[in-house]
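Chemist: Build me a model:
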Amino acid sequence: MSFPGMEPNIAILTTQDLELRHNDRVILNRASLAVAEKDRLGLLGRNGSGKTTFLRILAGEVVPDSGNLTRQKGLVVGYLPQEFSLNPALTVQGNIQEGARHILDLITEFEALPGDSSRHSEIEERIQHFDGWSLDHRIALAMTQLGCPQGDRAVTSLSGGEKRRVALARAIVARPDLLILDEPTNHLDTDSIEWIVEYLAAYPGALLVVTHDRHFLDRVATGIVELRNGAFERYEGNYSDYLAARAEKLASEELVEHKRQMFLRREMDWARRRPKARTTKSKSRLDRFFEVSEQGPPAEESDMELVIPPPPQLGNRVVDLVGIGVELGGRWLFRGLSLTFQAGGRIGITGRNGLGKTTLLRAIIGQMPPSEGEVRVGQLTQFNYIDQGRLQLREDRTVLEEVSDGSEWVKWGDSKLSLRAYLKRFLFTDDRIVTQVRHLSGGERSRLLLARILKQGGNFLILDEPTNDLDLPSLRVLEEALLNFPGSVLVVSHDRYFLDRICTGILAFEGEGRVAYSVGNYDYYLEKTRPKKVLASTSAAAAKAWAPPPPPAPPGPKKKKLGFKEQKELEGIEGRIQEMEAEAARIEALFTSPDFHKDYGNRTSELNVKLEDLKTTAARLYTRWEELEALKAQGS
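Modeler: This next block holds a predicted model:
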């Protein structure tokens, strides 16, 4: 689409009628997609639908069975796969620089050219196209913002998370014409994610990203492409726009199917009553009947029914943290943390990597004693801890064997559920239940791990990065299950969308041993802390530019203080903001509901308007809250 005064968005890569099969399974079925030079596309689809395979086709690592792939001449493509490799012979800095090899080669050629060479302008134009002269600055910035290890370290000494940061920096610093990223925010902390979001939102080239990070898609994407039943469906706008448009599309499909069924019923009634003489008109009508009947209904997609086993009842005390702190290697990770967990509470833990989030979880469940303070656990509290590494799956076992502990039943409150029925809630069909783990897709492995761990029960769930490697439908179902869980939940996550949907409180590791607790979701925590951060940065700037104080000024007007009415307004404004955000979250949850198109499809426009009004009103209340807080500070 082009607008007056704007250059057209030219296609730089086109796929047409791609077909790919793995054994009897269709991955791509005449799939076609065009990527334009300014596109920032999010690629969505269920785990196992073929997203990663498609990216590998674009990167030249996989050849489709048939179809065409056309690239613009001279197109430079950057690619971060999920399973990446670094050059063990190079340092961290060397590996990152290798991502910009085409720029380094251009600069080397430019500097070697004789002064009168006719290629000077051509090479310089290519270097400027990739902003090559600022490459060193971009490398230094990316390494800092992504928390990469020191540049002279050998990559063989790095952890898995450190290697992924290096690989991400390597992919983005070259500023290729088309940047392809497969789950770029996995294992990044909140600050790094926020930086990469801002960086890619302003990216000058084309971008194609597979990610389950919905905050990322809302901020970065200008279009959403869904891989569904082997074909691409494209939606303009970000993730929120996609949810609304897809709900309308599904409602339309349902209406078309309803009309098709009504037509078939009418024609069947007519066929039973029709005269025996087969006129040309009746034959044409029968032909139309068979044509419509052969079309079939739209393909249905099953949703995972992730219902957490009903937990035992909690006592009056769940868990109390009384002034706890942990010291490691002579450094305090945190100190003086006191917090009371309540039944039904869902606390999200966030903060940069390495500040002690996982250590806190281990202290709570008794895996390591705190260096100071006390953890008081209620007599009826039963922990179920899902750690970052999860449990290793055994490749030679079947799905059924991996979940079974020698029993064919799962304890389900006061009753029990058959193991096969339990696994079907996680989308394992009869044939997949007896399939060996080695033959499962990545999505099936994630669902199997969840099934195995959640089967253990418990009334206090502790989850460390549960959203990694789950597709968006599975994420939404996990969120619904946690929202309906009557026990307590403590979850470490860098997924802002996830934290906003489920949390009743945020425990933020802010660095330098500080841990702050805030009632409400993550967005509310950010809004509350933003004025403090602005004030802190203003104070730092003032201190840096300190000068001797001027002579005392004559007395000015008396500082304005909050009046009684304004004080009451300030006291009630946070509650109003929370009400607005809760209602907005409820409407957003409706959009993500599998039954949205059936229950609310005819109210899509109305709900969109209401959601926008709620967000606008909440933003206005935030502004007013800041004004009143500033007035309060001025008068104190």
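Chemist: Show me the strands in the stretch 51-200 of the chain, by range?
Modeler: Ranges of strands within the stretch 51-200 of the chain are 66-71, 77-80, 178-182, based on DSSP state E, counting those that start in this stretch.
Chemist: most packed of the ones you listed?
Modeler: Burial of those is given as mean neighbour count (mean count of other Cβ atoms under 10 Å); strand 178-182 ranks first at a mean of 23. For every residue, glycine as well, the C-beta is placed using N, CA and C.
Chemist: mind checking the backbone torsions on the residue nearest in space to the middle of the chain?
Modeler: Nearest to the centroid of the C-alpha atoms of the chain, with distances taken as Cα atoms, centre = their mean, sits residue 213, at 1.2 Å. Main-chain torsions, residue 213, degrees, to the nearest 10: phi -80, psi 100.
Chemist: so it sits right up against residue 181, yeah?
Modeler: No - using Cβ atoms under 8 Å, residue 213 is not in contact with residue 181; the gap is 10.9 Å.
Chemist: Assess the claim that residue 216 and residue 197 are in contact.
Modeler: Yes - Residue 216 lies in contact with residue 197 (Cβ under 8 Å); the separation is 5.6 Å.
Chemist: the more surrounded of the two?
Modeler: Using other Cβ atoms under 10 Å, the more surrounded residue of residue 216 and residue 197 is residue 216, with 25 against 19.
Chemist: where's the nearest residue to residue 615 once chain neighbours are set aside relative to residue 619, distance?
Modeler: Once flanking residues are discounted, residue 615 sits nearest to residue 584: 6.0 Å by Cβ to Cβ, 6 or more residues apart in numbering. Residue 584 sits 11 Å away from residue 619, going by Cβ to Cβ, to the nearest Å.
Chemist: next one: residue 610
Modeler: To residue 619, residue 610 is 15 Å away according to Cβ to Cβ.
Chemist: likewise residue 48?
Modeler: 39 Å.
Chemist: Comparing those two, which shows the higher neighbour count?
Modeler: residue 48 (17 against 13).
Chemist: Checking that one next. Helix, strand or coil?
Modeler: Following DSSP: H, G, I helix; E, B strand; the rest coil, we place residue 48 in the coil state.
Chemist: count of neighbours near residue 24?
Modeler: Residue 24: 5 surrounding residues under other Cβ under 10 Å.
Chemist: Regarding it, what are the backbone dihedral angles?
Modeler: The phi and psi values for residue 24, taken as degrees, to the nearest 10, are phi -90, psi 0.
Chemist: Residue 431 versus that one, what's the distance?
Modeler: 12 Å.
Chemist: what does residue 21 give?
Modeler: Per Cβ to Cβ, residue 21 is found 18 Å from residue 431.
Chemist: what about these two, which has more around it?
Modeler: Using other Cβ under 10 Å, the more surrounded residue of residue 21 and residue 431 is residue 21, with 13 against 7.
Chemist: Neighbouring strands of the helix or strand where the more buried one lies in the sheet, and parallel or not?
Modeler: In this structure, residue 21 sits in strand 11-22 according to DSSP states H and E. Using DSSP bridges, strand 11-22 pairs in its sheet with strand 25-36 (antiparallel), strand 66-71 (antiparallel).
Chemist: sorry, back to before: so which of the strands of the stretch 51-200 of the chain comes closest to residue 146?
Modeler: Of all the strands of the stretch 51-200 of the chain, strand 77-80 sits nearest to residue 146, with 11.9 Å by Cβ to Cβ.
Chemist: what's in contact with the closest one?
Modeler: Contacts of strand 77-80 from elsewhere in the structure, counted by Cβ atoms under 8 Å, 6 or more residues apart in numbering, are 55, 58-59, 71, 99, 167-168, 170-172, 174, 176-182, 184.
Chemist: Good, wrapping up.
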